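A.B. asks: coordinates only, no sequence provided:
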């Protein structure tokens, strides 16, 4: 249940006068109204039943503090209980209590599923455009790479870890591993032929799953069933055996991508649009490492327009020198600035500009 009562200033709020007028958090609080987030997430809460919830606005502001100052869930609550600037930004009284750190995780996991980051960014950036804080007419689009916080394992090792995880869950939930289940994992490292090693481990994992399902009722063992279902989904994906699928059980969404023709990485790609002068991000999309630059170009452009920006110039690298993108920019009556090789492309210089 959302608590709709307006917060009242206490006698201790006079302490906020000690915060310098040019403090970043004071400037943000005075210029940006975060209350629209309560309306965005209103359907995520029951209006009439349950204990009063911490307002989504407060939880989002705590997340903003985490990003600005690189704080953990525990540290942001601790610091916000002591720092006057933090308290002022959050819109609380100095003596007010803050939520338990665990609520931040629950908020991100359960409440934010009903609203997109796009809606929040459009709401905030749109206010800045209306108030003249953002005056840019140019935007740039680019993609950054983020390494996964785990190592990339070969296909054989992933299947070995799946088999080991199944054994561990069976023993934990059943009390022991039945003798009918073969626990001797093949030594794939001794096989020189990589394709043969993959095929052997795949057959072994499939046999292991069959043995477990025939020996015990996996429906009674949730952890074992979840691991088996996960293994089946991984094996079902044709990209997995082609080494283009799951490479880590710790982070199953990460994928292998290319920074260049010769340099690869394992993780994610973040494609974003931002203003050229203020460098304010207006739209963003996060994909896995195999994401192709420009796939979400049209969506990012539309979200940027929803912020109220009048786009006159679009900057990008040569990955965006493609006809669909140039035609879309032309519809805006904007001018593209994309660096390309004069030897590689011939373009109409009356319509397009590029760095030679």
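C.D. replies: Cool, got the structure. Worth saying up front: this structure is predicted, and the values here are computed from it rather than measured.
A.B. asks: show me where the chain has helices.
C.D. replies: For the chain, the helices defined by DSSP state H cover 24-31, 36-40, 56-69, 73-80, 84-90, 102-106, 117-130, 155-174, 194-215, 222-236, 238-241, 297-306, 323-331.
A.B. asks: in JSON lines: the ones you listed, plus distance to residue 317 and mean pLDDT.
C.D. replies: (C-beta placed from N, C-alpha, C; glycine too.) Output for the helices of the chain, formatted as JSON lines (distance: least, CB to CB, whole Å; pLDDT from 0 to 100):
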{"stretch": "helix 24-31", "distance to residue 317": "31", "mean pLDDT": "92"}
{"stretch": "helix 36-40", "distance to residue 317": "34", "mean pLDDT": "85"}
{"stretch": "helix 56-69", "distance to residue 317": "26", "mean pLDDT": "92"}
{"stretch": "helix 73-80", "distance to residue 317": "35", "mean pLDDT": "95"}
{"stretch": "helix 84-90", "distance to residue 317": "36", "mean pLDDT": "94"}
{"stretch": "helix 102-106", "distance to residue 317": "36", "mean pLDDT": "89"}
{"stretch": "helix 117-130", "distance to residue 317": "23", "mean pLDDT": "91"}
{"stretch": "helix 155-174", "distance to residue 317": "33", "mean pLDDT": "95"}
{"stretch": "helix 194-215", "distance to residue 317": "35", "mean pLDDT": "95"}
{"stretch": "helix 222-236", "distance to residue 317": "35", "mean pLDDT": "96"}
{"stretch": "helix 238-241", "distance to residue 317": "27", "mean pLDDT": "94"}
{"stretch": "helix 297-306", "distance to residue 317": "13", "mean pLDDT": "94"}
{"stretch": "helix 323-331", "distance to residue 317": "12", "mean pLDDT": "90"}
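A.B. asks: so what pLDDT did the residue positioned nearest the centre of the chain get?
C.D. replies: Centroid-nearest residue in the chain, with CA atoms, centre = their mean: residue 286, separated by 5.6 Å. pLDDT for residue 286: 92.
A.B. asks: can you tell me which residues contact it?
C.D. replies: Counting by CB atoms under 8 Å, 6 or more residues apart in numbering, residue 286 touches 268-270.
A.B. asks: again, but for residue 240
C.D. replies: Going by CB under 8 Å, 6+ apart, residue 240 touches 155, 158, 234, 246.
A.B. asks: just the pLDDT for the last one.
C.D. replies: Same thing as residue 246. For residue 246, the model assigns a pLDDT of 95.
A.B. asks: look up how far residue 55 lies from it.
C.D. replies: Distance, residue 246 to residue 55, by CB to CB, to the nearest Å: 39 Å.
A.B. asks: more neighbours: which of those two?
C.D. replies: Neighbours per residue, other CB atoms under 10 Å: of residue 246 and residue 55, the larger number sits with residue 246, 23 against 20.
A.B. asks: what's the local residue count around the nearest residue to residue 133 once chain neighbours are set aside?
C.D. replies: Nearest non-adjacent residue to residue 133, counting by CB to CB, 6 or more residues apart in numbering: residue 31, 6.4 Å away. Using other CB under 10 Å, residue 31 has 11 neighbouring residues.
A.B. asks: looking at it, residue 31 is touching residue 131, isn't it?
C.D. replies: Yes: counting by CB atoms under 8 Å, residue 31 touches residue 131, with 6.4 Å between them.
A.B. asks: next, the residue lying farthest from the centre of the chain: phi, psi?
C.D. replies: What lies farthest from the middle of the chain is residue 179; by CA atoms, centre = their mean that is 43.6 Å. Per-residue torsions, residue 179: phi -60, psi -20 (degrees, to the nearest 10).
A.B. asks: so how far is stretch 220-230 off the chain centroid?
C.D. replies: In terms of CA atoms, centre = their mean, to the nearest Å, the centre of stretch 220-230 is found 27 Å from the chain centre.
A.B. asks: that should have said stretch 73-89, apologies.
C.D. replies: Remark: stretch 73-89 is offset 24 Å from the chain centroid, using CA atoms, centre = their mean.
A.B. asks: just stretch 81-98 next, same as before
C.D. replies: Here stretch 81-98 is found 28 Å from its chain centre; the criterion is CA atoms, centre = their mean.
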